[in-house]
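# quick one: sequence and predicted model below, then my questions.
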Amino acid sequence: KSPAKSRVELTEEKIKALDEIGFPWNGRNKSFSFEERLEQLKSYKEQHGNLLVSASHDKSLAVFCYNLRYAKKNPGTIKLTEEKIKSLEELGFDWNPSSRLIDKLDEGDIENVRTVAASSLQEQPTTNLPNVLTSSL
């Protein structure tokens, strides 16, 4: 008997356990409504204090956030109504999180960036790196 053709008996307990981890029964991830995603974002913000969802924490929600930002920058690609934008902004959704992260760098972070940049370029750390980071803001 071929392993590919063997049948696995799924008990109610196994089905429930798979449902709890979001198993995609149709071969795709579960599709959520905008309202469900908004609730997930509210929950994330309550737990983490921000809406900077990382893929390592929740890949599906992180992709949703990326798609929202893409849709706002590229109108017409994905339908994003003014009502949805308003709901997200009321929640505190950050449309351009990378610029906010640069604003939050402290001197220790900047020193770490210098060290990593220098080692990857095999050069000595430059003293003007903080100016480069903040000059575009």
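Alright, I've got the coordinates.

# which residues touch residue 71?
77-80 (CB atoms under 8 Å, 6 or more residues apart in numbering). Using the backbone N, CA and C atoms, a C-beta is placed for each residue, glycine as well.

# how near is it to residue 31?
Distance, residue 71 to residue 31, by CB to CB, to the nearest Å: 17 Å.

# which among the contacts of residue 71 end up buried?
Neighbour counting over those (16 or more other CB atoms under 10 Å) leaves residue 80 as the buried ones.

# okay, the contacts of residue 71 in JSON lines with pLDDT next?
What follows is the contacts of residue 71, written out as JSON lines (pLDDT from 0 to 100):
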{"residue": "77", "pLDDT": "80"}
{"residue": "78", "pLDDT": "79"}
{"residue": "79", "pLDDT": "84"}
{"residue": "80", "pLDDT": "88"}
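
# neighbours of residue 16, how many?
Residue crowding around residue 16 was assessed by other CB atoms under 10 Å; the count is 9.

# and it, how far from residue 47?
24 Å.

# residue 17 now?
Taken as CB to CB, the span from residue 17 to residue 47 is 23 Å.

# quick one: which of those two has more around it?
Set residue 17 next to residue 47 and count neighbours by other CB under 10 Å: residue 17 wins out with 12 against 9.

# how is the more buried one assigned, secondary-structure-wise?
Here residue 17 is recorded as helix under DSSP: H, G, I helix; E, B strand; the rest coil.

# pull the helix or strand with minimum mean pLDDT from the protein.
Between all helices and strands in the chain, the lowest mean by mean pLDDT, DSSP states H and E belongs to helix 129-135, at a mean of 45.

# name the next helix or strand downstream of the longest helix seen in the chain, please.
Ordering each helix of the chain by length in residues (DSSP state H) puts helix 55-73 first. Downstream of helix 55-73, the next assigned helix or strand under DSSP states H and E is helix 82-91.

# who does that next one touch, helix- and strand-wise?
helix 34-48 (3 or more CB pairs under 8 Å, 6 or more residues apart in numbering; DSSP states H and E).
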